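1. could you look at this predicted model? Sequence included:
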Amino acid sequence: MPAGLEQFGRVSEDGAGRPLTSPTSLQGEREAVSFLCGGGQTLSHEAATKNKAKGSQGQFPVTQNVTVVEGSTANMTCRVDYNDNTSLQWSNPAQQTLFFGDKKALRDNRIELVRASWKELTISISEVTLSDEGQYTCSLFTMPVKTSKAFLTVLGVPEKPEIIGFSRPAVEGEDVTLTCITSGSKPAADIRWYRNDKEVQGVKEVNATGRSFTVRSTVHLRVNRNDDGAAYTCSVEHITLNSTPHQVTEVLEVHYAPQVEIVHSLIVPQEGQYFKLECVSKGNPLPEPVLWTKDGGELPDVERMIVEGRELIITTLNKTDNGTYRCEASNHIGTNSDEYVLFVYAKDLPGTTDPNALTPHGPDHALIGGVVAVVVFITLCFIIVLGRYLARHKGTYLTNEAKGAEDAPDADTAIINAEGNHAHAEEKKEYYQGAARNVVHLKSENLGFANNYALREEYVRCIM
């Protein structure tokens, strides 16, 4: 007997209490189904046989797999394109009948009928849990019975994450372990770590807990003062969360020893001026108060030297204020200090400078000197190169007549070796010898105007 018919018991009885139709065979089952879906009227054996013959052709139930998020509603639909008034049935993964046609068979308030006809049977399951996941069956009671399977997948939503393992506050230099845990995800969620919006790597671990998963991710770090106030965020990403991940943030608190620096109010302290030193101390916990000393002892003039919080104020400077001033700051982690050497200059003394401070807007003499040195060096290099060039090219200009005569030992040979027709060598020689005699009266400084090598040689010979 198909699942669900047992819940209806007898279909009909006569006056003696005997069943008119008993579903003890497949034919009886068909008649019982026809009775339930046909308004209480049974089909004759001949009609059932005709329907069986017609239903065996072209009748196939069609279903689709369904995926939903835990807590939402799942709609399960079964359709038949050609049906001769044969009923449809939905069964759960435990093979319990949910609906037989439009008749509800399982007492579960979450399961409701959406649509029932000869061609479609749609039911809904509200507030779906992970236990509802599985393979559902749609049955069409033809001869033989035809079925179609649909798998219901339920996605588990991860719980909001929690960061554990952080003992507040940490001390600089300690090893700290941050662990982010989230449960209930299916499939397993992904965890990302961020330090002030910059991603850092963690070690991921996944454990199955029933139908869902518990995921944890751990970050190990050795904290320092830069981690004080740093925000570590655990972000849980999952398909059920779309683009809005679950996040939790832990702000680190790191205790560390003070860091001290003295800031002065005047660049050139002079006699009679108002002067202030500020002890800028940074630590966690914040060091309060700070201790001021002068030359290793207490402040000598409490009337002129006033301590206000972190500031040391000297109302009127004089030469007796010269010395080393020390600011010391402490907390339960440690102690630190800074010193300032004060030198008071004579009043209105021109050109005075503070040996402990640099003028913030004064000229950078080192930079200016460097630029001047570079310019001088480049100029010297240019002069040297120019001199070598001029020395190398001095006196190298030759006339066409003197080409080839550079290496001649004397004027006669130079004339003979010069380019041109050797047949006229004697004429050239006589011509240049005459020209040399005509220029004996030239001064030595005009020697450079002789353009021919042979002429210069003859000229030198004449004047010697």
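-> Received the coordinates, thanks. Numbers count the residues shown, from 1 in each chain.
2. can you list the weak-confidence ranges in the chain?
-> Along the chain, segments meeting pLDDT under 70 span 1-58, 348-365, 393-464.
3. how about the helices of it, start to end?
-> 26-37, 45-55, 365-393, 411-417, 425-438, 453-463 (DSSP state H).
4. and the nearest residue to residue 330 once chain neighbours are set aside, what does it touch?
-> Closest residue to residue 330 apart from its sequence neighbours, by Cβ to Cβ, 6 or more residues apart in numbering: residue 287 at 5.6 Å. For glycine as for every other residue, the C-beta is placed from the backbone atoms N, C-alpha and C. Counting by Cβ atoms under 8 Å, 6 or more residues apart in numbering, residue 287 touches 258, 281, 329, 330, 331.
5. same check, this time on residue 171
-> 223, 254, 255, 256, 333.
6. repeat that for 7 Å
-> 255, 333 (Cβ atoms under 7 Å, 6 or more residues apart in numbering).
7. quick check: bridge partners of it?
-> residue 255 (DSSP bridges).
8. on that earlier part again, can I get the contacts of residue 287 in a markdown table including distance to residue 96 and neighbour count?
-> As requested, the contacts of residue 287 are exported to a markdown table (distance: Cβ to Cβ, whole Å; neighbours: other Cβ atoms under 10 Å):
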| residue | distance to residue 96 | neighbour count |
| --- | --- | --- |
| 258 | 73 | 22 |
| 281 | 75 | 24 |
| 329 | 76 | 25 |
| 330 | 75 | 19 |
| 331 | 70 | 18 |
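9. quick one: which of the residues you listed is nearest to residue 97?
-> residue 331 (74.5 Å; Cβ to Cβ).
10. the closest one against residue 258, yeah?
-> Yes: counting by Cβ atoms under 7 Å, residue 331 does reach residue 258; the two are 6.0 Å apart.
11. what do the two both touch?
-> Any residue near both residue 331 and residue 258 by Cβ under 7 Å, 6+ apart counts here, and that gives 283, 287.
12. so which bits of stretch 93-104 are buried?
-> Along stretch 93-104, these residues count as buried under the neighbour rule (16 or more other Cβ atoms under 10 Å): 97, 98, 99, 100, 101, 103, 104.
13. measure how buried the closest residue in space to residue 83 that isn't next to it in sequence is and give me the count.
-> Among residues not flanking residue 83 along the chain, residue 118 sits closest, at 4.5 Å (Cβ to Cβ, 6+ apart). The tally of other residues near residue 118 (other Cβ atoms under 10 Å) stands at 15.
14. ok, now residue 319?
-> Neighbourhood size, residue 319 [other Cβ under 10 Å]: 10.
15. list the contacts for the residue lying closest to it once chain neighbours are set aside?
-> Spatial nearest neighbour of residue 319, chain neighbours left out: residue 344 (5.6 Å); criterion: Cβ to Cβ, 6+ apart. Applying Cβ under 7 Å, 6+ apart to residue 344 gives the contacts 269, 270, 271, 317, 318, 319, 321, 322.
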